[in-house]
Structure formats: C-alpha cells, structure tokens
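**Student:** Could you look at this predicted model? Sequence included:
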Amino acid sequence: MATTIPGSLVNKTKKFFMGMPAPTGYVPGVGRGATGFTTRSDIGPARDPTELPEAGPVGPSPQGSSSGAPPAKRARDDDGDGEDLNEANYDEFSGYSGSLFSKDPYDQEDEDADRIYNEVDDRLDERHKDRREKKYKELVEKFHKERPKIQQGFSDLKRQLAEVTEDEWQAIPEVGDMRNKAKRNARAEKFTPVPDSIIAMNMNYGQMNTSIDANSGLTTPFSSGFMSTLGGGGNKSGIMTPGWETGIQTSSTDLDLVKIGQARNKIMDMQLTQVSDSVTGQTVVDPKGYLTDLQSIIPQMGGDLQDIKKARMLLKSVRETNPRHPPAWVASAVLEEQAGKLQTARNLIMEGCEKIKNSEELWLHAIRLHPADVGKSIVANAVRSCPQSVRLWCKASDLEQDIKDKKKVLRKALEQIPSSVKLWKAAVELEDPEDARILLTRAVECCSSSTEMWLALARLETYENARKVLNKARVHIPTDRHIWLSAARLEETRGQKDMVDKIVSKALNSLRTNQVEINRDQWLKDAIDAENAKCPLTCQAIIRNVISLGIEDEDKRTTWLSDAENFEKENAFTCVRAVFAVALKEFPRKKSVWDAAISFEREHGTLEDHEAILLKACETVPEVENYWLMLAKLRFVNKRIDEARETLKDAQQKHDHQTEKMWLAATKIEIETDQFERARALFAEAREKAPSARVWMKNACFEWCLGNLEEAKRLCEECIKRYDTFYKIYLVLGQVLEKMNDIQGARQAYTSGIRKCHGIIPLWIFLVRLEESAGQVVKARVDLEKARLRNPKNEDLWLESVRFEQRVNCPEMARERMSRALQECEGSGKLWAEAIWMEGPHGRRAKSIDALKRCEHNPHVLIAAARLFWSERKIKKARDWFQKAVNLDPDNGDAFANFLAFEQIHGKEDDRKAVIKKCVTSEPRYGDLWQTAAKDPANWRKSTEEILLLTTNKIKVPT
C-alpha cells in the first residue's frame with residue numbers, strides 16, 4: 001500500500017494549503033481589506049441563454065404547424081432542466097422551495113390572483129406599519145447610542161479648533177511617509193537561545209531507518225511525531241502513534257511513566273506529612289482512605305474540596321489537642337454543616353456539649369442544628385447546666401408555642417436571674433397591663449438601675465403613683481436626663497404648666513451637681529421628641545434652658561438662626577417658634593431675626609400666626625416700613641379693606657407722612673376697590689406731602705390707564721421739569737404720545753431722555769422700535785449702531801439688533817449681528833439662548849452645549865435648553881430643566897410662562913396648579929413677554945395669575 005507524504009514535510013518552504021480547495025465562503029484578499037468586484041466575463045452575455053426564440057423550435061417545421069401550434073410557454077428562470085422536487089426542498093407549511101407551475105402559461109387569471117394577493121399583503125403591512133416603524137426607530141436610536149459614529153466622537157474636539165491660533169497651526173508637524181517603514185528601517189536581528197528540549201526532540205529529524213523487523217516489516221520513524229509501519233506479511237500494519245500500547249517505538253527522549261508515578265507518590269507523602277500532628281508526631285489522616293474520602297465530599301457552599309478536607313483535619317487536631325476549647329467544636333460543626341453533613345455536625349456539637357457543659361455557645365448551636373422537638377430537650381439540659389445564661393432562657397421561651405408555656409419559662413428564668421433586664425422586658429411584653437404593672441413593680445426592685453423599667457412602670461401607674469415612681473427613679477439613677485424629661489411631660493399632660501419649666505431647670509442643675517456633661521445637641525433632639533409626643537410646653541422649656549449653652553455672645557444670632565433652619569428641615573415647627581421667641585427676646589432690634597420669623601410664619605404658620613408676628617414687628621420696630629406694608633397687604637388680600645386702610649394710616653402717622661411707599665400702597669388699595677376719585681385725591685395729597693419722581697410717574701400711569709392721555713401728558717411734563725434725570729418718566733411720556741399718534745413728539749421725548757440720562761438702554765430700544773413702526777428702517781438701524789457705540793458690550797442692545805434684523809427679514813444680517821454679539825458678550829445668556837434657536841434643527845444641540853459651557857447657570861440658557869428637549873419630545877428632561885430655571889430665577893416671568901405652556905400639553909392638572917401657585921407666590925416682574933403683557937394699560941388691574949395665562953398664550957410650541 002502506497003503512502004502519500006505531505007509536501008510540507010518534505011519541503012519546508014512550501015505552504016501546507018497549496019493545492020487544496022478553498023474553504024466555503026472564502027474571498028481572496030478580504031483579510032487585507034480588499035473588496036470583490038464583478039466583470040462582464042463573470043456574469044456572461046446580456047441575453048439569457050435559456051430564452052427561446054418566439055418562432056418555435058429550431059429546424060424545419062411541418063406545413064400548417066405555424067397556425068396550429070400551441071402557444072409558447074413562459075421561459076423558466078432557473079438553469080436546471082426540470083423542477084427540483086427533492087424531499088430536502090419540501091416544507092410542511094410553504095411546500096417546495098421552487099414553483100411547481102413555472103412551466104405552465106401565465107394568463108390573465110394568474111395576473112389577477114397575484115395582484116389580489118399583493119394588495120392583501122400591502123393592506124396587512126399597513127396595519128402594522130406604525131408599530132414597525134416605531135420599533136425600527138427605537139432600534140436605530142439604541143444602535144446609534146451604543147455605537148456612535150466616529151465623527152460624533154470627535155465633534156467636541158472639532159469645535160476646539162476654533163480656538164487654535166495661527167502659531168499653533170503652523171507648529172503642527174508635517175505628516176511623514178509611513179509606508180513600508182519596517183522594511184525601510186530594518187531592525188537588527190535578534191538571536192534567542194534554543195531550549196535543550198527542542199534539540200533533543202529533533203535529534204532524529206530527517207533520518208531513515210532501513211532495518212527490517214521480523215514482526216512488522218519496514219519501520220520508518222518521522223520527526224513529525226508519528227511512526228509509520230509498512231509491512232507486507234506481519235500482523236501489524238498502518239500508522240502507529242506513540243502513546244498507545246500497539247506499535248509503540250520508545251526512544252530515550254520519551255517521558256517515563258514509571259518516574260511520573262514515583263513523583264506523584266512522593267508529593268502525596270509530603271502532603272500527608274504536612275497535615276500530621278505537630279505535637280504528638282502522629283498523623284491524623286488515614287493514608288489509605290485519603291483519596292477515596294476526598295471523592296465523597298460534596299461541598300454545598302462552593303468551596304474547594306481540598307480546603308474543606310484540610311480544615312476538617314486541622315479542626316480535628318485542635319479538638320484532640322484541647323478538647324475543652326468550645327470554638328473548636330463550634331467551628332467543626334459549622335464546617336460539616338456547610339459541607340452538607342448535617343448529622344455529622346449534630347454529633348460533633350453534642351459531643352462538645354457533653355465535654356463542655358457550661359458553654360453557652362455550644363448549647364445554642366446544638367439547639368439551632370436540631371429540630372424544634374429535639375431542641376426542647378436540648379435546651380432543658382442546657383438551662384440545667386447553665387442556669388445563669390439569659391440567652392438560653394430566651395431561646396427556651398422562643399421554642400415554646402403556647403403563651404402560657406412562654407410565661408412559665410420566663411418566670412423560672414427570673415427566679416434564676418432576677419437582675420436581667422432582658423428577661424423582665426420579655427416577661428412584661430406577654431402580660432396584660434395590670435399584670436405588667438405588678439411585674440414592673442417587682443422589676444424595678446430587682447433592676448433599680450434600669451431607666452426603661454422605671455419609665456414603663458410610670459406610664460402604667462396613675463398620676464400620683466407615677467410621680468412617686470419617678471421620684472424613686474431619680475434617687476436610684478440621678479444621672480439620667482430621661483427621667484426628668486418624663487416627669488416634665490407627666491406634669492404637662494396633667495395641666496401643670498408652671499411645673500414644666502421648673503422641672504427642666506432643676507434637671508440641668510441636678511445633672512451638673514452629679515458631674516454629668518450637658519450635651520446641647522442631645523437636649524435639642526429631646527426637644528424634637530417632646531414635640532412629636534404632643535408636649536409643646538416641654539419642648540419650649542428645653543429650648544429656653546439649653547439653647548444658650550456653650551455659645552459665645554457674638555455667635556448667638558447666627559447659631560440660633562441655624563438651629564431654626566435645622567428644626568424647620570425636621571418639621572419641628574414648635575421648636576422653630578421657640579427658637580425665634582428666644583432670639584427676638586435677645587435681639588429685639590435685629591431686622592434679620594424678624595425677617596426670618598416672618599418668613600417662617602408666612603410659609604408654615606396660620607393666618608393668625610402670620611398676622612400676630614407682623615403686629616409684634618410693627619410694635620417693636622415701627623421705623624421699618626416694610627412690616628407695615630406686609631401687614632396691610634395681608635389684611636387686604638383677606639378682604640379686610642378697612643383694616644388695611646387703618647394700618648396704612650397708622651404707618652403714615654408713625655413716619656410723619658413722608659414715605660412714598662405708604663402713599664402708593666394707599667392709592668393701590670383704592671384702585672383695586674374701584675375708588676378712582678379717592679385714588680386721584682390721594683395722588684394729589686402725596687405730590688404735596690411726599691413729592692418724588694416715582695409718585696408723579698405712578699400718577700401719570702394711573703391717568704394713562706384710565707384713558708386721560710392729556711392729563712397723563714401734563715403730569716409727565718411737570719415731572720420732567722422737577723426731576724429731569726428720572727428716565728422712566730421719559731418712557732411713560734413717549735408711550736403716551738405714541739398712543740396719541742404723535743410720532744414726532746414721542747421721538748423728541750425719547751431723544752431728550754437719552755440726552756439727560758446717559759447709559760439707559762430701554763430709551764434706545766423704545767426709540768428704535770418707534771422708528772421701525774414708523775417705517776424708518778434705515779434710521780432705526782443707525783440708532784442701533786449709535787447705541788452700541790455709546791454703550792459697548794451691552795447684551796440687550798445686541799439682542800435687539802439681532803431681533804430687529806429678523807423682523808425686517810434680513811436673516812443674513814441677523815446671523816452676522818449674532819456672531820459679533822457672541823464675540824463681544826461671550827458670557828451673555830440672553831444672546832446664547834437666542835443663538836440656539838437661530839440654528840437649524842441639527843445644529844441646536846451643539847449650540848446648546850456651547851451655551852451651557854459658557855453660562856451654565858443662566859436662566860435664559862436653561863429655558864432654551866428645556867425648550868430644545870421639549871422639541872425633541874424628551875418630556876422628563878424638559879420638565880427637570882424648566883424646574884431648574886424657575887428655581888434659579890423666580891423673578892423671570894417668561895420661565896413660568898414656558899413651564900406652564902409645557903405642562904398644558906404634557907402635564908397633569910396638579911402639575912399646572914403647582915406652576916401657577918409657585919408663580920403667584922414668587923410674583924415675577926421681568927421677562928420680555930411678561931413685561932409686554934404686564935405693562936399693557938389694558939391689563940393694568942389683572943392679577944399675577946391672569947398675566948401668567950396671557951403670557952402663556954403667546955408661547956409657541958417648539959419644533
């Protein structure tokens with residue numbers, strides 16, 4: 001029989017796969033990044049060779065056959081001669097993979113059937129189209145999120161190229177030629193010493209043995225690791241691989257299995273020696289049963305078999321060395337339990353209990369390892385052996401199911417250990433109140449140092465007996481504050497209010513006498529506990545006596561205000577009021593303390609509490625006019641108009657009619673109550689007694705809102721004669737003249753204001769808008785340029801310039817203005833917010849990231865980012881960012897308007913009410929859209945909520 005030798009064994013330079021067929025799916029060059037292509041020679045001619053000519057078969061046809069011949073059938077698309085009807089191509093549901101009727105003619109019925117089936121498929125496809133497209137979109141978004149494009153990963157780095165200077169750009173090194181670098185820069189050859197094993201293995205490489213064996217014939221060893229025995233007459237023939245008993249040819253370089261076995265025995269002997277007893281010199285391991293015992297271990301905790309066996313032997317050695325050591329028995333039992341040998345663990349632990357009967361741990365583990373019925377007998381022996389063990393008695397009680405049996409066990413335990421508080425507590429919990437009181441009476445005699453027992457007994461006794469019990473408790477435990485505080489609570493519940501403060505004060509003196517350190521924080525926590533226990537008098541007494549401990553005089557105000565904030569966070573409002581009471585008594589003239597107290601009552605107190613603190617503030621510090629105004633407003637909001645008027649009259653008498661705020665507040669009350677004549681009279685009186693530019697302006701606005709434009713114009717002109725540097729009167733005069741269609745007069749008013757009041761931006765903006773409304777676009781643009789030159793780096797002027805160009809349909813100019821504005825005012829949140837929405841839908845995200853980097857905590861940027869999330873339908877993120885905006889700047893009315901518009905579409909009714917409530921509480925005054933609605937004379941008497949709704953209607957849904 002001839003044998004073929006692979007070419008790679010004869011010629012080492014020839015690859016082994018040469019001449020072999022290519023594997024399935026192999027594409028040449030794909031490993032190097034090459035892509036395949038198709039040529040005309042690969043696909044053949046354009047005409048399908050299977051098509052038949054329309055004239056019929058080749059060759060002469062009989063006469064008349066052209067007219068009577070059957071119609072030609074449709075050509076088949078496959079290259080085979082017939083249909084492949086093999087069973088391998090058959091499916092029970094869809095049939096054969098090919099068409100069974102492809103040879104038949106395709107007539108009109110077939111076409112109609114195909115059309116109907118296609119229409120049915122299209123209809124079924126449309127039914128699930130939305131769901132399929134939504135699912136596909138989610139998969140695409142998830143894919144892009146998990147595997148973003150490379151250009152997205154470098155987008156932030158590309159934006160940083162704008163900051164590269166020309167010098168840095170020139171300093172970038174040129175790209176060198178990196179092709180064939182390894183071949184052009186050949187590295188020095190390295191020589192590695194060949195191991196001896198390789199030399200020994202290749203000693204006989206390439207040698208041929210021509211000797212003939214009598215049994216097997218010609219034997220030829222090859223260096224590739226197998227022996228080929230070629231013989232004609234022997235019993236052995238074929239390829240013989242070393243390592244098998246048949247046909248083995250062993251050389252001097254093969255492994256010796258006998259030596260391997262000897263080494264294994266030697267290693268086993270060393271392991272047995274290591275685990276032998278170091279004290280007696282005798283091994284604790286059975287060498288003969290060592291291996292078979294290892295195989296029987298089935299660990300339950302996932303531990304190593306060898307580690308468990310080693311631990312078992314070590315613990316056995318410890319037990320034999322010191323049999324009176326309880327942890328050794330416990331550890332052995334736990335080890336066997338984890339190894340799954342529960343019975344062995346029980347035997348070990350019981351053996352330990354017999355040898356060490358006074359060990360509590362051993363008995364407890366023995367009870368745990370045994371069932372409940374066996375555990376009862378074990379615990380009985382345990383309490384006889386360890387009658388002073390509280391844990392064993394408690395375990396014995398837990399094993400009992402009947403309440404009566406539990407009581408019997410605990411009473412036997414108390415006979416043995418009458419001083420155990422734990423046993424007394426367990427026994428009392430099982431009794432009814434009357435029996436519990438009897439037990440506690442005995443318990444306090446046996447455990448006189450237990451505060452819990454005294455307090456529990458006091459709670460079960462009557463008032464008189466409780467006082468006696470607490471007095472005895474103070475004698476036995478003079479260093480515990482809880483007994484004193486319980487006595488104070490007891491007196492408060494009985495209506496003895498005068499005794500509460502005395503008991504707390506006496507408690508502090510007694511504890512100091514007994515060398516007890518007074519911890520201020522602990523006492524303040526006790527005050528919170530007293531409030532939670534519905535004992536406000538005890539709480540107030542504790543704070544009055546403890547709040548000044550360990551605090552310097554200069555630190556009292558700040559420390560007490562901090563304590564009030566901490567109590568407010570804990571919802572301990574009684575403690576907060578007690579702190580403010582002490583602080584106001586100590587600092588009656590400090591405005592910061594009064595402000596904190598008033599703010600607390602406004603947020604958490606009732607109407608009566610709020611009014612009471614305001615009245616007290618007005619009496620104590622009458623020179624602070626804000627407190628009078630707050631009191632008048634509180635009464636006016638609650639429909640107590642006459643009381644509000646009296647409050648303002650009292651305030652004017654205190655301040656000798658010299659404060660404009662009081663007069664303006666009085667006029668506002670009359671305006672809100674439709675008493676316009678009284679309001680006009682008050683304005684006239686105010687102009688005489690407390691003349692100021694603000695009073696004149698408010699009077700002019702009042703006449704403007706009533707429609708008396710001539711009177712408003714006269715008041716503005718008189719005010720300008722008196723106060724020509726008050727810029728707001730120029731704004732009012734200009735708007736009044738615009739209302740009267742006097743464009744030239746309005747222009748003159750704004751120009752005069754600009755000359756008199758330098759740097760006032762609203763005057764420039766109103767002048768530009770006036771020119772724009774008059775159709776003077778060029779004049780308006782010139783005024784904007786002039787304003788920017790006189791007021792450089794002003795964000796409001798730049799923003800107005802951008803919006804002006806957008807209003808006159810010059811988007812290119814608007815973008816140019818925005819680019820210059822961001823260069824000049826790079827930290828302006830208004831400009832960045834406008835720039836975000838000037839970008840296209842795909843560029844807004846990048847622009848918003850840049851804006852947040854420049855001005856992260858600007859409310860305008862936060863609103864723009866929230867609207868961006870809104871446009872992307874990221875509802876939760878949008879709501880969070882709107883919440884950040886209104887919290888950051890509650891005076892911005894546009895933030896509340898955008899938030900409410902968002903909640904009207906995507907929120908619930910409670911969410912909308914929360915936004916409106918927060919807006920009414922904050923009373924915002926700023927914002928472009930907000931001021932447009934609030935300053936409109938048509939809305940001069942509308943409330944904050946109504947202004948919010950008007951502004952919300954102007955908000956457009958972002959797209």
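**Tutor:** Received it, and whenever you're ready, just let me know what you need. Keep in mind it's a predicted model, so treat the numbers as computed, not measured. Residues are numbered from 1 along each chain as shown.

**Student:** only C-alpha atoms for contact and neighbour calcs from this point on.
**Tutor:** Noted.

**Student:** care to break this structure down by domain?
**Tutor:** Using the TED database, the domain parsing of the chain gives 303-386, 862-958.

**Student:** For the longest one, give the mean pLDDT please.
**Tutor:** The average pLDDT for domain 862-958 rounds to 92.

**Student:** Then the shortest one?
**Tutor:** Over the span of domain 303-386, the pLDDT mean works out to 85.

**Student:** sorry, back to before: and the domains of the chain as JSON lines, adding mean neighbour count and distance to residue 572?
**Tutor:** Below are the domains of the chain laid out as JSON lines (neighbours: other Cα atoms under 10 Å; distance: least, Cα to Cα, whole Å):
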{"stretch": "domain 303-386", "mean neighbour count": "18", "distance to residue 572": "46"}
{"stretch": "domain 862-958", "mean neighbour count": "18", "distance to residue 572": "23"}
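
**Student:** Adding distance to residue 695, write these out as JSON lines.
**Tutor:** Converted to JSON lines, the domains of the chain look like this (distance: least, Cα to Cα, whole Å):
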{"stretch": "domain 303-386", "distance to residue 695": "88"}
{"stretch": "domain 862-958", "distance to residue 695": "17"}
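
**Student:** Next up, the contacts around residue 693.
**Tutor:** Applying Cα atoms under 8 Å, 6 or more residues apart in numbering to residue 693 gives the contacts 719, 723, 726.

**Student:** So what's the residue count around residue 705?
**Tutor:** 17 (other Cα atoms under 10 Å).

**Student:** re earlier: pLDDT and secondary structure for the contacts of residue 693 - can I get that in JSON lines?
**Tutor:** Formatted as JSON lines, the contacts of residue 693 follow (pLDDT from 0 to 100; DSSP: H, G, I helix; E, B strand; the rest coil):
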{"residue": "719", "pLDDT": "93", "secondary structure": "helix"}
{"residue": "723", "pLDDT": "91", "secondary structure": "coil"}
{"residue": "726", "pLDDT": "92", "secondary structure": "coil"}
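
**Student:** which one of those sits closest to residue 625?
**Tutor:** Nearest to residue 625 among the contacts of residue 693 is residue 726, at 23.8 Å by Cα to Cα.

**Student:** next one: phi and psi at that closest one?
**Tutor:** phi -90, psi 110 (degrees, to the nearest 10).

**Student:** And the closest residue to it other than its chain neighbours, how far from residue 925?
**Tutor:** Closest residue to residue 726 apart from its sequence neighbours, by Cα to Cα, 6 or more residues apart in numbering: residue 693 at 6.9 Å. Residue 693 sits 20 Å away from residue 925, taking Cα to Cα, to the nearest Å as the criterion.

**Student:** correct me, but residue 458 touches residue 472?
**Tutor:** No: contact status for residue 458 versus residue 472: not in contact, 10.6 Å apart, counting by Cα atoms under 8 Å.

**Student:** Those two - which one has more neighbours?
**Tutor:** Between residue 458 and residue 472, residue 458 has the larger neighbour count (other Cα under 10 Å), namely 26 against 15.

**Student:** Now do the contacts for that one.
**Tutor:** Contacts of residue 458 (Cα under 8 Å, 6+ apart): 465, 466, 467, 469, 470.

**Student:** which residues touch the second one?
**Tutor:** If I follow you right, that is residue 466. Contact analysis of residue 466 by Cα under 8 Å, 6+ apart lists 457, 458, 459, 460.

**Student:** Which pLDDT value belongs to it?
**Tutor:** 81.

**Student:** Which of the helices or strands spans it?
**Tutor:** Residue 466 is part of helix 463-476 when elements are defined by DSSP states H and E.

**Student:** Buried residues in that helix, which are they?
**Tutor:** 466, 467, 469, 470, 471, 473, 474, 476 (16 or more other Cα atoms under 10 Å).

**Student:** And the residues you listed, which is closest to residue 170?
**Tutor:** Using Cα to Cα, residue 474 comes nearest to residue 170 of these, at 88.0 Å.

**Student:** Would you confirm that that closest one contacts residue 483?
**Tutor:** Yes: with contact defined as Cα under 8 Å, residue 474 counts as touching residue 483 (6.7 Å).

**Student:** just the strands in the protein please.
**Tutor:** 90-91, 95-96, 212-213, 217-221, 227-230, 238-240 (DSSP state E).
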